[in-house]
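Chemist: Please work out how this folds:
(one chain, ligands or ions: 1)
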Amino acid sequence: MNSHKNARLTSSRSPIASGSLGERNDVHCVSIEHKLGIKASPTAVLQYGDHGGAVGYLVGQENRGLEYMFIMMNSARYAVGMQGIAIAERAYQHAVAYAKERVQSRPVDGSLNASAPIIHHPDVKRMLMTMRAYTEGCRAMASVAAAAYDATHHHPDADTRKQNQAFYEYLVPLVKGYSTEMSLEVASLGVQVHGGMGFIEETGAAHLRDAKILTIYEGTTAIQANDLVGRKTARDGGQVAKGIAAQIEKTEAELAKRESAEAQAVAK
Ligand SMILES: Cc1cc2nc3c(=O)[nH]c(=O)nc-3n(C[C@H](O)[C@H](O)[C@H](O)COP(=O)(O)OP(=O)(O)OC[C@H]3O[C@@H](n4cnc5c(N)ncnc54)[C@H](O)[C@@H]3O)c2cc1C
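Modeler: Model (predicted):
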């Protein structure tokens, strides 16, 4: 970084201010990356400052970079979690459709006396139900996080906005970390449901390969765990975590009451 150049370029007569083309910055593309399964990746290796020093520009105020970065990071991590849920949902839908069509032997539980679509095999049912439960559970978690995010920005009460902000930020590493690891498991089960056909590109393998990147970019799963335990839990002495645990207990109690009311109605 060359601070002298930086000062000159950010003055009112600078190319940035006028919108005209400035001097070439010392940033060079040294290679295009070839990534696992990504055939049209536009990502590249950029080299900064090898020919005299690249110029950096301050975005926003000094010493607030980490704070700004986390606004972007929370949003990117949430979005990657959603990618995991989307891949899992697609893998599940493909697997169900295939399991209804593929006919292979009699179910081991004796429920049918002839070769049947594989969805009738208890082990295939187990796989499909696992896929669905993981996917729906993660979608529910992501929806709760999204609702908290909306409340963070639009709730009329300032304290409620603040509480929702903390709750949303707490959920982000869970949405990112758990939903992406879950998508790998679901995509793997999807390949398994397809048997040998799962290795054919159009039917299954692509979901598994596409899901792998999600546990890596925008912070690996271990980095999400560090964020959850350190920044989101230990830093405030576990206040947000305890609040969430209390909310879960309250919901449990409400559900138990509802169940007993229904049970009483049935008993009558
Ligand atoms: C397809 C793809 C696209 C990408 N796109 C971009 C992009 O557009 N822009 C960009 O800037 N980057 C991009 N990346 C880079 C990506 O964000 C990083 O690769 C990712 O954040 C992991 O960082 P790293 O490679 O330095 O791994 P490392 O930090 O070296 O991690 C290696 C291993 O060590 C573990 N580890 C590291 N630190 C800790 C720790 N403190 N505690 C526990 N375990 C730890 C990790 O979990 C991992 O298992 C992309 C990567 C890929 C594969």
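Chemist: Tell me which residues touch residue 239, please.
Modeler: By C-beta atoms under 8 Å, 6 or more residues apart in numbering, no residues touch residue 239. Where C-beta positions appear, they are placed from N, C-alpha and C, glycine not excepted.
Chemist: what separates it from residue 49, distance-wise?
Modeler: According to C-beta to C-beta, to the nearest Å, residue 239 and residue 49 sit 43 Å apart.
Chemist: now residue 127
Modeler: Going from residue 127 to residue 49 by C-beta to C-beta gives 52 Å.
Chemist: more neighbours, those two?
Modeler: Comparing residue 127 with residue 49 by other C-beta atoms under 10 Å, the one with more neighbours is residue 127, at 21 against 15.
Chemist: Could you name the helices and strands sitting against the strand or helix carrying that one?
Modeler: Using DSSP states H and E, residue 127 sits in helix 122-154. Here helix 122-154 touches helix 65-101, helix 158-194, going by 3 or more C-beta pairs under 8 Å, 6 or more residues apart in numbering; DSSP states H and E.
Chemist: For the ligand, find the nearest of those helices.
Modeler: Nearest of the helices and strands packed on helix 122-154 to the ligand, taken as C-beta to the nearest ligand atom: helix 65-101 at 9.5 Å.
Chemist: which parts of that closest one are buried?
Modeler: Residues 73-74, 77-78, 80-92, 94-96, 98-99 are the ones in helix 65-101 that count as buried (16 or more other C-beta atoms under 10 Å).
Chemist: Mind giving me the packing neighbours of it?
Modeler: In terms of contacts (3+ C-beta pairs under 8 Å, 6+ apart), helix 65-101 is packed against helix 122-154, helix 158-194, helix 206-212.
Chemist: so for that helix, what's the average pLDDT?
Modeler: Averaged over helix 65-101, pLDDT sits at 95.
Chemist: So is it next to the ligand?
Modeler: No: on the criterion C-beta under 6 Å from any ligand atom, helix 65-101 is out of touch with the ligand, staying 9.5 Å away.
Chemist: ok, for the residue positioned nearest the centre of the chain, nearest residue in space, not its chain neighbours?
Modeler: Among the residues of the chain, the one closest to the centroid is residue 81, at 0.9 Å (C-alpha atoms, centre = their mean). Nearest residue to residue 81 in three dimensions, chain neighbours excluded: residue 175, at 3.6 Å (C-beta to C-beta, 6 or more residues apart in numbering).
Chemist: Please name the residues that touch the one you found.
Modeler: Residue 175 neighbours (C-beta under 8 Å, 6+ apart): 77-78, 81-82, 138, 141-142, 145.
Chemist: tell me the pLDDT at it?
Modeler: For residue 175, pLDDT reads 98.
Chemist: Quick one: name the residues of the stretch 51-200 of the chain near the ligand.
Modeler: By C-beta under 6 Å from any ligand atom, no part of the stretch 51-200 of the chain sits against the ligand.
Chemist: tell me the SS of residue 23?
Modeler: Counting by DSSP: H, G, I helix; E, B strand; the rest coil, the backbone at residue 23 sits in coil.
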